[in-house]
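Visitor: coords please:
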Amino acid sequence: MAQQPIFKDKFDDAIPVLNFGTFHMGFTSDANSVDFDENDRKNQGDVKKVAKMLAEFKPTVIIVEMPPSFNEALQKEYSEYLKNPNMTFENPSEIELLAYEVGRLNNAQRIYGIDHKMGYNYNIGNTIQNKVNDKTYEKYFQLIDKEEKKLNYDNLSLLDKLKVDNHPQYLDFLINVNAEILSYVSTKDKFEGADEAAKYYHRNIRMYSNLNQIELNENDRVFILMGASHTAYFNDFMKRSPKYKLVDPFLYLK
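Guide: The predicted structure follows:
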């Protein structure tokens with residue numbers, strides 16, 4: 001039987017947040033990418049349909065995966081989009097295609113970037129020599145390769161891809177595959193994999209700190225759009241935060 005709360009841990013004026021994960025729709029330097037033509041008219045139309053669904057959340061503030069140093073230019077371009085939603089972008093990403101449109105449909109005036117870049121070796125598990133003989137790392141990727149084939153992600157519709165990206169099990173998988181599985185990779189008496197995993201946590205907690213530097217009030221409703229591995233971490237952070245109240249994205253993904 002599920003345990004009942006033993007004390008109150010959210011402020012009465014906790015801010016609603018729709019924390020939404022996506023694959024990167026334009027160029028990405030990430031180790032993994034999705035084949036998606038961001039300039040294809042049909043794809044752009046499909047994104048607008050999703051934007052219309054998510055706009056039902058009625059955000060007042062938009063948060064995206066861009067460093068805060070770009071905030072002035074980001075706000076300027078977004079303001080231009082609000083005036084002219086037919087403006088074109090040479091190489092649009094999920095920011096221009098989805099975040100701008102969700103904001104425009106609600107006349108949200110503020111947009112901020114919270115990304116923080118840090119170096120990180122995703123592939124350290126395959127490069128360390130003389131590893132302690134625990135086969136969990138290798139077995140896990142064999143399992144995931146098999147399950148990914150069943151999922152057939154690349155052939156899903158845009159909406160179904162985004163449903164996968166925001167599924168709780170998939171979000172846990174993203175934390176595992178990006179970080180925690182590396183705790184099984186080490187040489188005797190050392191912590192090479194764990195230390196590398198900590199860098200990814202470090203990046204995400206710094207991104208979260210960037211969010212917490214933005215002035216928000218009890219009347220705000222926040223829409224966050226990031227690569228889904230960051231979404232996964234932010235779900236954990238916000239679940240424990242007294243300031244934020246997570247909203248289920250599946251209330252809007254029809």
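
Visitor: can you give me the helices in the stretch 1-150 of the chain?
Guide: Remark: helices assigned in the stretch 1-150 of the chain by DSSP state H, counting those that start in this stretch are 41-54, 71-83, 94, 100-104, 136-151.

Visitor: Then the stretch 151-254 of the chain?
Guide: Using DSSP H, counting those that start in this stretch, helices in the stretch 151-254 of the chain cover 158-165, 168-178, 192-212, 228-240.

Visitor: wait, what's in contact with the closest residue to Pro67 other than its chain neighbours?
Guide: Leaving aside its chain neighbours, Pro67 sits nearest to Asp115 (4.9 Å; criterion: C-beta to C-beta, 6 or more residues apart in numbering). For glycine as for every other residue, the C-beta is placed from the backbone atoms N, C-alpha and C. Counting by C-beta atoms under 8 Å, 6 or more residues apart in numbering, Asp115 touches 65-68, 207, 210, 226.

Visitor: can you rerun that using 10 Å?
Guide: 64-70, 203, 206-207, 210, 226-227, 230 (C-beta atoms under 10 Å, 6 or more residues apart in numbering).

Visitor: now do Lys243
Guide: Contacts of Lys243 (C-beta under 10 Å, 6+ apart): 10-11, 13-15, 17, 211-212, 216.

Visitor: Just among these, which is most surrounded?
Guide: Val17 (26 neighbours; other C-beta atoms under 10 Å).

Visitor: what bridges to that one?
Guide: Val222, Leu246 (DSSP bridges).

Visitor: how much space between it and Asn133?
Guide: 43 Å (C-beta to C-beta, to the nearest Å).

Visitor: same thing with Asp46?
Guide: 47 Å.

Visitor: So if I had to pick from the two, which one is more boxed in?
Guide: The residue with more neighbours, out of Asp46 and Asn133, is Asp46; 18 against 5, by other C-beta under 10 Å.

Visitor: what's the pLDDT at the more buried one?
Guide: Asp46 carries a pLDDT score of 94 in this model.

Visitor: My read is that it contacts Leu158, right?
Guide: Yes. Look at Asp46 against Leu158 with C-beta atoms under 10 Å: they come within range, at 4.3 Å.

Visitor: So, low pLDDT: which residues of the stretch 1-150 of the chain?
Guide: 26-33, 35-36 (pLDDT under 70).

Visitor: how about the nearest residue to Tyr233, chain neighbours excluded?
Guide: Asn204 (3.9 Å).

Visitor: who are the neighbours in contact with that neighbour?
Guide: Taking C-beta under 10 Å, 6+ apart as the test, what Asn204 contacts is 116, 118, 175, 178-179, 226, 229-234, 236-237.

Visitor: Quick check: ChimeraX command selecting the buried ones in these.
Guide: Here is the ChimeraX command that selects the buried residues among those (16 or more other C-beta atoms under 10 Å):
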select :116,175,178,179,226,229,230,231,232,233,234,237
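
Visitor: Now distance to Lys58 too, for the contacts of Asn204, in a markdown table please.
Guide: Formatted as a markdown table, the contacts of Asn204 follow (distance: C-beta to C-beta, whole Å):
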| residue | distance to Lys58 |
| --- | --- |
| His116 | 28 |
| Met118 | 34 |
| Ile175 | 29 |
| Asn178 | 32 |
| Ala179 | 33 |
| Met226 | 20 |
| Ser229 | 27 |
| His230 | 23 |
| Thr231 | 20 |
| Ala232 | 24 |
| Tyr233 | 25 |
| Phe234 | 20 |
| Asp236 | 25 |
| Phe237 | 23 |
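
Visitor: Pick the one among the contacts of Asn204 closest to Tyr252.
Guide: The shortest gap between Tyr252 and any of the contacts of Asn204 belongs to Thr231, at 14.5 Å (C-beta to C-beta).

Visitor: Right, I'll call it a day here.
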